[in-house]
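Novice: next input, structure requested:
(chains A and B)
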There are 2 protein chains.
Amino acid sequence: MSISTHAASVEIFDHMLGALVKCIAKAKAHCEAKKIEPDALTSARLYPDMFPFWRQVCLASDFAKGPVARLAGVDVPAWEDKERTFDELTQRLEKTREFIKGVAKEKFADAAARDVTVKIGGQDMTMSGEVYLLRMATPNFYFHMTTAYDILRHAGVELGKRDFLGRT
Amino acid sequence: MSISTHAASVEIFDHMLGALVKCIAKAKAHCEAKKIEPDALTSARLYPDMFPFWRQVCLASDFAKGPVARLAGVDVPAWEDKERTFDELTQRLEKTREFIKGVAKEKFADAAARDVTVKIGGQDMTMSGEVYLLRMATPNFYFHMTTAYDILRHAGVELGKRDFLGRT
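Specialist: Sure thing, here's the model as predicted:
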């Protein structure tokens, strides 16, 4: 028995983005309690040439909706990255979760073997769904999930790995 | 067709840890070029109650060797976390890669369905190999991989996501 492509994409992205929603709620509450301008956190970065928090969240969303759409063979929804506040980012994540859960599970039956073509450094690259999910989608998804979390931690929001993992 | 458990564990952990080895080499070169005490980076943290770089690397190693062993049904190698320097951490990662690649691929045939028992918060929890790999091993692995990378970036080491992804 091997691993379900649906479980390794839709289910895990939904779960992790749900955890990120709760981290954002804690960050918002932290700002309220400490009288911190929320923008100080949503625009925070770990280094000047890294993306700020809001963009890390949008990218986590992108690396969920894009891979799920491509694996299922449906159109990737094009959403403008206009979310900046905690509430807007939460809505973006919830919209992402709704989209990915709305893709019929049957469409993932052949997903691991399906050819997926994406642009990398301006060049079209084609690979199997399995390689795409494991080598591109998943590492990028977790990269932005973790960096969003790390930005909040670095800014002093009281979070633990259980929050990241969605075990709370 | 679904996803190979071996590809989703051994192959991806090996690839990502190989990328981390190269990030460490760049961090070491950065310290040499800028006359920075390497310990300033290996002991760096994003927040006082987060683990330092060296421990993030050891944990990335742990979340590769432990899951691979449990999925394959072999003993988890118990290694002391005594690595502190860039060279020691590189050796730890290479030892991890050797161990995981040395586990026979055939042992993963039933891995997704095999019961895996781990301690969470002091309590034994049993789950399928699939749930264990997707919900516990993979998010934890990427959490420590990314946080190690984020610490180096935050400290000014010139790295990009291609380094994280092992595309260089």
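Novice: measure the residue positioned nearest the centre of chain A to B:Phe51 for me?
Specialist: What sits nearest the mean C-alpha location of chain A, by C-alpha atoms, centre = their mean, is A:Ala60, with 2.3 Å. For A:Ala60, the distance to B:Phe51 (C-beta to C-beta, to the nearest Å) stands at 22 Å. (C-beta placed from N, C-alpha, C; glycine too.)
Novice: got the phi and psi for the residue nearest to the residue nearest to the centre of chain A when sequence neighbours are not counted?
Specialist: Using C-beta to C-beta, 6 or more residues apart in numbering or on different chains and skipping the chain neighbours, the partner closest in space to A:Ala60 is A:His144 (4.1 Å). In this entry, A:His144 is assigned phi and psi values of phi -80, psi -40 (degrees, to the nearest 10).
Novice: output the contacting helices and strands for the lowest-mean-pLDDT helix or strand in chain A.
Specialist: None of the helices or strands of chain A scores lower by mean pLDDT, DSSP states H and E than strand A:115-120, at a mean of 92. In terms of contact count using 3 or more C-beta pairs under 8 Å, 6 or more residues apart in numbering or on different chains; DSSP states H and E, strand A:115-120 is assigned the packing partners helix A:53-72, strand A:123-128.
Novice: so can I have JSON lines of these showing mean pLDDT?
Specialist: Putting the helices and strands packed on strand A:115-120 into JSON lines (pLDDT from 0 to 100) gives the following:
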{"stretch": "helix A:53-72", "mean pLDDT": "98"}
{"stretch": "strand A:123-128", "mean pLDDT": "95"}
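Novice: just checking: what are the partner strands of the least confident helix or strand of chain A?
Specialist: Sheet neighbours of strand A:115-120, with direction, are listed as strand A:123-128 (antiparallel) (DSSP bridges).
Novice: in the least confident helix or strand of chain A, what's buried?
Specialist: Under the neighbour-count criterion of 16 or more other C-beta atoms under 10 Å in any protein chain shown, strand A:115-120 has A:116, A:118 buried.
Novice: give me the contacts around that strand.
Specialist: Strand A:115-120 is contacted by residues A:70-71, A:124-129, A:132, A:136 when judged by C-beta atoms under 8 Å, 6 or more residues apart in numbering or on different chains.
Novice: could you measure from A:Val68 over to B:Asp115?
Specialist: A:Val68 sits 29 Å away from B:Asp115 when distances are taken as C-beta to C-beta.
Novice: next one: A:Arg162
Specialist: From A:Arg162 over to B:Asp115 (counting by C-beta to C-beta), the distance is 23 Å.
Novice: so how far is B:Met145 from the residue nearest to A:Ala60?
Specialist: Between A:His144 and B:Met145 the distance, using C-beta to C-beta, works out to 13 Å.
Novice: likewise for A:Arg97?
Specialist: According to C-beta to C-beta, A:Arg97 and B:Met145 sit 24 Å apart.
Novice: which one of these two has more residues nearby?
Specialist: Per other C-beta atoms under 10 Å in any protein chain shown, whichever of A:Arg97 and B:Met145 has more neighbours is B:Met145, with 27 against 21.
Novice: my guess is that one contacts B:Phe164, does it?
Specialist: Yes: taking contacts as C-beta atoms under 8 Å, B:Met145 lies within contact range of B:Phe164: 7.5 Å.
Novice: just checking, next helix/strand downstream of the longest helix anywhere in chain A?
Specialist: Ranked by number of residues, the top helix in chain A under DSSP state H is helix A:12-34. Per DSSP states H and E, helix A:12-34 leads on to helix A:38-42 as the next helix or strand towards the C-terminus.
Novice: pLDDT on that next one, on average?
Specialist: Regarding helix A:38-42, the rounded mean pLDDT is 98.
Novice: against which helices or strands is that helix packed?
Specialist: Under the contact definition 3+ C-beta pairs under 8 Å, 6+ apart, helix A:38-42 sits against helix A:12-34, helix A:53-72, helix A:86-102.
Novice: tell me which of these sits most buried.
Specialist: Comparing the helices and strands packed on helix A:38-42 by mean neighbour count (mean count of other C-beta atoms under 10 Å in any protein chain shown), helix A:53-72 ranks first with a mean of 24.
Novice: show me what that helix is packed up against.
Specialist: Judged by 3+ C-beta pairs under 8 Å, 6+ apart, helix A:53-72 is in contact with helix A:12-34, helix A:38-42, helix A:86-102, strand A:115-120, helix A:138-154.
Novice: mind listing what the nearest residue to A:Val74 once chain neighbours are set aside touches?
Specialist: Closest residue to A:Val74 apart from its sequence neighbours, by C-beta to C-beta, 6+ apart: A:Val103 at 6.1 Å. Remark: with contacts taken as C-beta under 8 Å, 6+ apart, A:Val103 is in contact with A:10, A:68-69, A:72, A:74.
Novice: coming back round to it: and the helices and strands packed on helix A:38-42 as JSON lines, adding distance to B:Thr42?
Specialist: Compiled in JSON lines, the helices and strands packed on helix A:38-42 are given as follows (distance: least, C-beta to C-beta, whole Å):
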{"stretch": "helix A:12-34", "distance to B:Thr42": "28"}
{"stretch": "helix A:53-72", "distance to B:Thr42": "25"}
{"stretch": "helix A:86-102", "distance to B:Thr42": "33"}
